[in-house]
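Asker: Could you look at this predicted model? Sequence included:
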Amino acid sequence: MKRILYIGNKLQNKTSNLSSIHILGRLLEGEGYQLYYASTKTNKVLRLLDMIFTFFKYSRTVDVVIIDTYSTHNFYYAFIISQLCRLFKVDYICSLNGGNLPARLKAHPKMSALVFKNSISNVSPSKYLKHNFEQYGYNNIVHVPNTLEIENYVLIEKEFSSPKLLWVRSFSKIYNPQLAVKVLKSLKTSYPDAELCMVGPDSDGSLKQVETLAKKYNLNVKFTGKLTKKEWISLSKDYNIFINTTNFDNTPVSVIEGMALGLPIVSTNVGGMPFLINNGKDGILVEPKDVDKMVKAIIYVLNNKSKRQEIIKNARLRAEQFDWKNIKKLWFKILDKEHG
């Protein structure tokens with residue numbers, strides 16, 4: 001039984017969504033791995049100290065360290081823990097989570113090299129990130145998609161007379177949540193009954209800005225706050241189109257989940273999205289920050305039944321490829337697990 005120390009943001013508060021440490025960690029435990037985690041601390045300084053303390057506590061007993069690696073301030077957690085791994089000769093794997101990591105590679109090439117050149121593997125959930133890392137000369141990149149358990153996602157037939165939009169993400173500037181409100185405002189001219197539900201915690205103060213914008217436009221947007229996966233999957237039955245408004249992205253699990261649930265996806269064409277969605281086949285991609293094009297795409301989905309049904313069918317098939325039964329084999333190979 002392999003022992004793994006998983007370093008990441010294992011937060012349980014109102015301002016954070018589930019991250020890969022919650023999902024992948026649980027799934028690996030289900031396959032017989034022994035996992036230790038850091039950190040659940042909300043305060044960033046305390047979180048870093050907890051990560052360092054936990055590293056020293058388990059560094060001599062674990063076989064490998066998995067480090068969730070992000071593109072913004074949380075990158076420094078990965079930098080510090082990876083260098084401790086190097087110093088104490090502990091194998092580590094970087095799980096690449098930040099959709100804007102290519103900008104980090106460009107802005108801080110030496111620091112990035114210290115982290116990514118010395119890992120036994122860098123696991124990329126998208127071909128987009130894999131391609132970008134390879135462009136910077138990294139050859140230890142393995143593509144392992146984000147995963148879900150498809151049995152938890154039931155296709156329910158929807159009614160498409162009016163747009164009922166679902167948005168699931170944390171409220172953060174890089175995800176451009178204000179675009180969703182602007183799209184609803186525009187749709188209201190043709191569809192007075194159009195709806196928008198926005199699910200997710202406030203990450204950087206963006207929620208208040210979005211609420212202010214909705215109030216300014218006199219729009220009744222539903223804000224649920226953070227929901228459990230089970231809660232938002234249940235909520236999704238009341239909506240018919242999933243919108244993804246982000247300016248930067250990787251391969252978000254929420255979008256894959258929307259595809260699995262039979263919600264046609266209309267997303268900005270950024271980061272890993274064109275690697276996930278074949279435009280016009282299993283979703284619609286539009287330029288970022290463009291209200292008119294997203295509105296037109298939504299109306300197109302509403303008004304073209306045969307195309308909509310084709311997209312829903314293809315998206316579900318695409319989502320099934322991300323089922324844990326398929327993805328776990330890739331992780332077994334990386335972790336060198338004898339699994340028989």
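Answerer: Received the coordinates, thanks. Numbers count the residues shown, from 1 in each chain.

Asker: can you pull the contacts of the spatially most central residue of the chain?
Answerer: By Cα atoms, centre = their mean, the chain has its centre lying nearest to Pro252, at 2.9 Å. Neighbour list for Pro252: Asn146, Arg169, Asn244, Thr246 [criterion: Cβ atoms under 8 Å, 6 or more residues apart in numbering]. Every C-beta, even on glycine, is put in place using the N, C-alpha and C of the backbone.

Asker: Okay, helices next: where are they in the stretch 1-150 of the chain?
Answerer: Ranges of helices in the stretch 1-150 of the chain, per DSSP state H, counting those that start in this stretch, are 20-30, 44-58, 75-87, 101-107, 109-116, 127-135.

Asker: Same question for the stretch 151-300 of the chain.
Answerer: Here the stretch 151-300 of the chain has its helices, by DSSP H, counting those that start in this stretch, at 178-187, 206-216, 229-235, 253-260, 273-276, 291-303.

Asker: Let me know which of the ones you listed is tucked in deepest.
Answerer: For those, the largest average neighbour count (mean count of other Cβ atoms under 10 Å) is found in helix 253-260, namely a mean of 24.

Asker: got the angle for that one vs helix 20-30?
Answerer: In terms of direction (axes from the mean of the first three to the mean of the last three Cα atoms, to 10 degrees), helix 253-260 departs from helix 20-30 by 70 degrees.

Asker: What's the mean pLDDT across stretch 128-140?
Answerer: Stretch 128-140 shows a mean pLDDT of 94.

Asker: From the rest of the structure, what touches that stretch?
Answerer: Residues contacting stretch 128-140 (Cβ under 8 Å, 6+ apart): 96, 99, 101-102, 105-106, 109, 112, 116-117, 119-122, 124, 141-143, 250-251, 271-272, 274-275.

Asker: Whichever of those end up buried, select them in PyMOL.
Answerer: In PyMOL, a selection of the buried entries from those looks like this (16 or more other Cβ atoms under 10 Å):
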select buried, resi 96+99+101+102+105+112+116+119+121+122+124+141+143+250+251+271+272+274+275
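
Asker: Only the buried residues of stretch 49-64, if you could.
Answerer: Asp50, Met51, Ile52, Thr54, Phe55, Tyr58, Ser59, Val62, Asp63, Val64.

Asker: now for these, which pair is the farthest apart?
Answerer: Within the buried residues of stretch 49-64, Asp50 and Asp63 form the most distant pair, 21.2 Å apart (Cβ to Cβ).

Asker: sorry, back to before: could I get the helices of the stretch 1-150 of the chain as a markdown table with distance to Val301?
Answerer: Below are the helices of the stretch 1-150 of the chain laid out as a markdown table (distance: least, Cβ to Cβ, whole Å):
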| stretch | distance to Val301 |
| --- | --- |
| helix 20-30 | 29 |
| helix 44-58 | 41 |
| helix 75-87 | 37 |
| helix 101-107 | 30 |
| helix 109-116 | 39 |
| helix 127-135 | 24 |
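
Asker: wait, which of those helices is closest to Asp323?
Answerer: Nearest to Asp323 among the helices of the stretch 1-150 of the chain is helix 20-30 (11.0 Å), distances taken as Cβ to Cβ.

Asker: which parts of the closest one are buried?
Answerer: For helix 20-30, by 16+ other Cβ under 10 Å, it's Ser20, Ile21, His22, Ile23, Leu24, Gly25, Leu27, Leu28.

Asker: With adjacent residues omitted, what lies nearest to the second one?
Answerer: In space, and not counting its chain neighbours, Ile21 is closest to Gly8: 3.5 Å by Cβ to Cβ, 6 or more residues apart in numbering.

Asker: Tyr76: which of the buried residues of stretch 49-64 is nearest?
Answerer: Met51 (10.6 Å).

Asker: ok, that closest one - contacts?
Answerer: By Cβ under 8 Å, 6+ apart, the residues touching Met51 are Ile7, Ala38, Ser39, Tyr77, Ile80, Ile81.

Asker: okay but Met294 is in contact with Val266, surely?
Answerer: Yes. Counting by Cβ atoms under 8 Å, Val266 is a contact partner of Met294 at 6.0 Å.

Asker: returning to what we had before: of all the helices of the stretch 1-150 of the chain, which lies closest to Leu261?
Answerer: Among the helices of the stretch 1-150 of the chain, helix 20-30 sits nearest to Leu261 (Cβ to Cβ), with 16.8 Å.

Asker: tell me what that closest one is packed against?
Answerer: Packing partners of helix 20-30 (3 or more Cβ pairs under 8 Å, 6 or more residues apart in numbering; DSSP states H and E): strand 3-7, strand 34-38, strand 64-69, helix 324-335.

Asker: can you list these in a markdown table and add mean pLDDT?
Answerer: Formatted as a markdown table, those follow (pLDDT from 0 to 100):
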| stretch | mean pLDDT |
| --- | --- |
| strand 3-7 | 97 |
| strand 34-38 | 97 |
| strand 64-69 | 96 |
| helix 324-335 | 95 |
